[in-house]
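In: Structure of the sequence below:
(chains A, B, C and D)
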Number of protein chains: 2
Amino acid sequence: MKEGPDIAHVAALIGDPARANILTALMAGKALTASELAEEAGIAMPTASGHLRKLEEGGLVVARKQGRHKYFALAGAQAGDVLEALMGFAVAQGHLRTRTGPRDAALRAARVCYNHLAGQAGVQMYDSLVRRGYLQIGEDGLSVTEAGGIFVADLGVSVHELAGRRAPLCRECLDWSERRSHLAGVLGRALFDLLLEKRWVDREAGSRAVRFSKAGRVAFDAAFPTN
Amino acid sequence: MKEGPDIAHVAALIGDPARANILTALMAGKALTASELAEEAGIAMPTASGHLRKLEEGGLVVARKQGRHKYFALAGAQAGDVLEALMGFAVAQGHLRTRTGPRDAALRAARVCYNHLAGQAGVQMYDSLVRRGYLQIGEDGLSVTEAGGIFVADLGVSVHELAGRRAPLCRECLDWSERRSHLAGVLGRALFDLLLEKRWVDREAGSRAVRFSKAGRVAFDAAFPTN
DNA sequence: CGGATGTTTCGGTCAGGATCGAACTATGAA
DNA sequence: TTCATAGTTCGATCCTGACCGAAACATCCG
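Out: This next block holds a predicted model:
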């Protein structure tokens, strides 16, 4: 037997169309119930229940009960990374379930990547923060500079409050549509939450795409300029 | 039917143990023959032949004939990205085919990631280049600065010669063991080739790990210091 | 040209896993 | 307490795909 990481196991979990639908739905960053996921996957409840158990055992999703409802979410950022990488590859290969259409453009422009902003907008935000010295790449990875802390405080995010968390404050996530990094981690999530709170972006129903309002786009470009 | 990237298709390709062995073997960056891959995967030739055809059709590998031999290699960097992401997830979940051992440490320290250096050494190289201003992250992604061009020329790599290629000169690749970027792209490949030429590193037989010679480690640390 | 080597195709076997309806369990509401 | 809803378990059915030996094809060497 070969040694090393058993990629077949996790890949096989994702390799079933029903489970892939479930995972894709969860990439929007919202917890969904078993019934909702059965619907998303186009399968009966018993089948969905079995699939969710497998995904949970495999470490791809986590479950939380609330009364008679059971909510499922992606297990963490690393599960999101895997799915993002697979989506990128599938798109590059033309493995699409429908023909390329306006939906693709919307997903490329701005979308949720598990819990943070991805797409052109996500990369623009990341690049802007790095270029203006608000984020820096150092020996311990990505970190916020002092100037960066001030900048995001002005926007409404307190780095000091976020820094106590166990999850990394800043993390690079490789964007499949732009082939570059966007910002994940606690700060990435907080900034995305802020965009939602300020209504610069709104989620699209039943999709991972997010859409900028007119005023939101202007404010976003002002906060994260491209030059 | 749901729309969007069909991740189930590519994941199912990777999700078979025999095909996963084949892909893992190819992550070492060397082209291997069908017979060699059958051996790596522990299956008979006809079975390997069928699997390779599927991997080729799915865009994960490319084939090249040379007389009666057929050589297979990973199709490109994006296939490597997907496998790297899956490996990272599998390791994080403890999905290993044997118990964690010295092999893991070796793979974490320095390994081939398709065609460039990965692991602690790969991340050290990347961080050093960025910190010293030899690489910069800009609007068009990662690029070499003028100082960087001079630096790698001193090492023996001509950026000018490499720049004409269609593949991106510099590209970030997310390292599963370090959870940060190492350098991929044409320059990443050239630098890795250089390390091999100078014998700073040698490949380990039958593994993706690479091992530094004593002199090589000293030279590498001098060229890519951590502070 | 014949033999050897590498690879592919074909046909058959077998096992694993997805599916769902029925029944059951757990929780909430009237 | 009873009924409704959400989710799980069980058993049966069906289908898909991995596997290999044999045969065939392609290429190389003596």
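In: For the rest of this, base every contact and every neighbour count on C-alpha atoms.
Out: Noted.
In: Any regions of chain A where pLDDT drops low?
Out: Across chain A, the ranges flagged by pLDDT under 70 are A:1-3, A:97-103, A:139-140.
In: Around DNA strand D, pick out the residues from it.
Out: A:33-36, A:45-50, A:52-53, A:68-71 (C-alpha under 7 Å from any atom of the strand).
In: can you tell me how far the spatially most central residue of chain A sits from A:Ala215?
Out: Nearest to the geometric centre of chain A sits A:Cys113, at 1.7 Å (C-alpha atoms, centre = their mean). From A:Cys113 across to A:Ala215, the span is 23 Å (C-alpha to C-alpha, to the nearest Å).
In: From A:Asp193, how far off is A:Ala147?
Out: 21 Å.
In: ditto for A:Gly185
Out: Applying C-alpha to C-alpha, the value for A:Gly185 to A:Asp193 is 12 Å.
In: Just the CA trace of stretch A:151-158, in CSV.
Out: The C-alpha trace of stretch A:151-158 is given here as CSV (Å, rounded to 0.1, in the frame of the first residue of the first chain):
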residue,chain,number,x,y,z
PHE,A,151,-7.7,51.6,7.8
VAL,A,152,-10.2,48.8,8.6
ALA,A,153,-11.1,50.5,11.9
ASP,A,154,-12.2,53.5,9.8
LEU,A,155,-14.3,51.1,7.8
GLY,A,156,-15.8,49.7,11.0
VAL,A,157,-13.8,46.6,11.7
SER,A,158,-11.7,46.3,14.9
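In: what inclination does the one helix or strand A:Leu13 maps to have with respect to helix B:7-14?
Out: Assigned by DSSP states H and E, A:Leu13 belongs to helix A:7-14. If you take axes from the mean of the first three to the mean of the last three C-alpha atoms, to 10 degrees, helix A:7-14 sits at 150 degrees to helix B:7-14.
In: Any part of helix A:7-14 near chain B?
Out: Yes - using C-alpha under 8 Å from any C-alpha of the partner chain, we find that helix A:7-14 touches chain B at A:7-14.
In: could you pull out the strands for chain A?
Out: For chain A, the strands defined by DSSP state E cover A:32-33, A:61-66, A:69-74, A:111-113, A:116-118, A:135-138, A:141-144, A:171-174, A:181-184, A:201-203, A:210-212.
In: Does chain B have contacts with the fourth one?
Out: Yep, that's strand A:111-113 we're talking about. No - Strand A:111-113 does not reach chain B (C-alpha under 8 Å from any C-alpha); its nearest approach is 12.8 Å.
In: buried ones in the helix ranked longest in chain A?
Out: As assigned by DSSP state H, the longest helix anywhere in chain A is helix A:77-93. Residues of helix A:77-93 classed as buried by neighbour count (16 or more other C-alpha atoms under 10 Å in any protein chain shown): A:77-91, A:93.
In: centre of the chain versus it, how much separation?
Out: Offset of helix A:77-93 from its chain centre (C-alpha atoms, centre = their mean, to the nearest Å): 11 Å.
In: Quick one: list the elements packing against that helix.
Out: Under the contact criterion of 3 or more C-alpha pairs under 8 Å, 6 or more residues apart in numbering or on different chains; DSSP states H and E, helix A:77-93 touches strand A:171-174, helix B:7-14, helix B:77-93.
In: Any idea which of the ones you listed gets closest to DNA strand C?
Out: With respect to DNA strand C, and counting by C-alpha to the nearest atom of the strand, the nearest of the helices and strands packed on helix A:77-93 is helix B:7-14 at 10.3 Å.
In: Let's see that closest one as CSV, backbone CA atoms only.
Out: Output of helix B:7-14 as CSV, limited to C-alpha atoms (Å, rounded to 0.1, in the frame of the first residue of the first chain):
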residue,chain,number,x,y,z
ILE,B,7,-16.9,19.3,-9.5
ALA,B,8,-18.3,15.8,-9.2
HIS,B,9,-16.9,14.8,-12.5
VAL,B,10,-13.3,15.7,-11.7
ALA,B,11,-13.6,14.6,-8.1
ALA,B,12,-14.9,11.2,-9.1
LEU,B,13,-11.9,10.8,-11.4
ILE,B,14,-9.6,11.4,-8.5
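In: what's the spacing between it and its chain's center?
Out: On the basis of C-alpha atoms, centre = their mean, helix B:7-14 is displaced by 20 Å from the centre of the chain it belongs to.
In: Show me the domain layout of chain A.
Out: A:7-75, A:101-223 (automatic domain parsing).
In: now the end-to-end length of the shortest one.
Out: Terminal residues of domain A:7-75 lie 17 Å apart, using C-alpha to C-alpha.
In: how near is A:His51 to chain B?
Out: Between A:His51 and chain B the computed distance is 14 Å (C-alpha to the nearest C-alpha, to the nearest Å).
In: these two touch, right, that residue and A:Asn21?
Out: No - the criterion here is C-alpha atoms under 8 Å, and A:His51 misses it with A:Asn21 at 11.0 Å.
In: Just want to know which of A:Ala147 and A:Asp193 has more residues nearby.
Out: Applying other C-alpha atoms under 10 Å in any protein chain shown to A:Ala147 and A:Asp193 shows that A:Asp193 carries more neighbours, namely 17 against 13.
In: quick one: contacts for the more buried one?
Out: A:Asp193 makes no contacts at all, as judged by C-alpha atoms under 8 Å, 6 or more residues apart in numbering or on different chains.
In: now A:Gly138, nearest residue through space, not along the chain?
Out: B:Asp127 (6.4 Å; C-alpha to C-alpha, 6 or more residues apart in numbering or on different chains).
In: before we move on, what about A:Leu60?
Out: Nearest non-adjacent residue to A:Leu60, counting by C-alpha to C-alpha, 6+ apart: A:Ala75, 5.2 Å away.
In: wait, doesn't that neighbour sit right on A:Gly58?
Out: No - applying C-alpha under 8 Å as the test, A:Ala75 and A:Gly58 come out as separate, 9.8 Å apart.
In: Any idea how many residues pack against A:Arg189?
Out: For A:Arg189, the count of nearby residues is 20 (other C-alpha under 10 Å).
In: mind checking how far it is from A:Ile22?
Out: In terms of C-alpha to C-alpha, A:Arg189 sits 22 Å off from A:Ile22.
In: Same check on A:Ala85?
Out: Between A:Ala85 and A:Ile22 the computed distance is 17 Å (C-alpha to C-alpha).
In: near DNA strand C, which residues of chain A?
Out: Within chain A, the residues that sit near DNA strand C (C-alpha under 7 Å from any atom of the strand) are A:13, A:16-18, A:43-48, A:50-51, A:66-68.
In: mind redoing it with 6 Å?
Out: Within chain A, the positions adjacent to DNA strand C are A:18, A:43-44, A:46-47, A:67-68 by C-alpha under 6 Å from any atom of the strand.
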